[in-house]
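In: Fold the following.
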Amino acid sequence: MSHQERPSPEQMLARIRSDASAPVTTTAGGQLRLFFGYAAGVGKTYAMLQAAQTLKREGHDVVIGYVEPHERPETQALTEGLESIPCQTILYRGSTLKEFDLDATLARKPEYVLVDELAHSNASGCRHLKRWQDVEELLAAGIHVFTTLNVQHIESLNDVVSEISGVHVRETVPDAILQRADEITLIDVSPDELLERLRQGKVYVPQQAAFALERFFRKNNLVALREMALRRAADHVHDDVEVARLGSAANRPWPTNERLLVCGGPSLLRPGSSGRPSD
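Out: Below you'll find the model as predicted:
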């Protein structure tokens, strides 16, 4: 093999990463699929359940670890036929809370598990403070995880979201979780369609919906959040393209992005020219 044909160290590392992102067995680390959107109500949980039903029909072992149907009948209907691991019950300040049961899921060791609302903060008494930490333990055990996340819960965007919306989001997920994701599935609807869903009671109950429309669910907020979500999803796709390109030993960039054409007149090429056009 000639020197020009020999892959660079970066290309060799990209090939290794590309091979590592291929489907794995449960003896290796689990894979993370993120159903990603810009606000509640865009359809992340619904899409996640649809994907789970497809896997089940194909013969895969899929269970529900935790799914929040938000009292939506069409979402609840998609849970039918899927095995569900009972939630653990925790007493907190006189109230009974239901949380994802990490230990029961690890003992069951399914091929795939659905764990909704990745940014959720666990109740006192759970092993981990955050649900994303539960997911990390599942992945380490070789279990593939489907989960959901909104863009406003990304840690590095917290200040930007607060400035745009006037709402401080307390529950966040480290950016490394997005970088760790093997697949990000963007779930997107227009802000107008989302607002109509909200008014029809398909996102929150009427009292909650009215409050949301006054604060977070203003159209200007949703437009900005949508752009942020689209950009984050595009960044992840771009990283995948770079891995594929380097893994194929391609030294030249692939023309998948926009290109810039710069034109210059003859005066720009003359030594000592000021670059200004002559009279």
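In: Just give me the neighbour total for Pro73.
Out: When neighbours are defined as other Cβ atoms under 10 Å, Pro73 has 8 of them. (C-beta placed from N, C-alpha, C; glycine too.)
In: Leu129 versus that one, what's the distance?
Out: Remark: distance between Pro73 and Leu129 (Cβ to Cβ, to the nearest Å) = 33 Å.
In: Ala212 too?
Out: Computed as Cβ to Cβ, the Ala212 to Leu129 distance reads 26 Å.
In: you'd agree Gly43 is up against Gln50?
Out: No. Using Cβ atoms under 8 Å, Gly43 is not in contact with Gln50; the gap is 9.3 Å.
In: Comparing these two, which residue is more hemmed in?
Out: Remark: of Gly43 and Gln50, Gly43 carries more neighbours, 20 against 12, as counted by other Cβ under 10 Å.
In: Kindly provide the distance from that one to Glu214.
Out: 23 Å.
In: Which secondary structure state does Leu198 sit in?
Out: When states are read from DSSP: H, G, I helix; E, B strand; the rest coil, the local structure at Leu198 comes out as helix.
In: Phe35 too?
Out: Here Phe35 is recorded as strand under three-state DSSP.
In: change the start of the numbering to 702 and stick with it
Out: Done: numbering now begins at 702, and the last item shifts to Phe736.
In: What number of neighbouring residues does it come out with?
Out: Neighbourhood size, Phe736 [other Cβ under 10 Å]: 26.
In: Do a quick rundown of the strands in the chain.
Out: 733-738, 763-767, 784-785, 789-793, 796-800, 813-816, 845-851, 884-887 (DSSP state E).
In: Report the contact partners of Ala842.
Out: Residues near Ala842 by Cβ atoms under 8 Å, 6 or more residues apart in numbering: Gly731, Leu807, Lys810.
In: what does Tyr739 give?
Out: Asn851, Val852, Gln853, Asp889, Leu923, Leu926, Arg927, Met929, Ala930.
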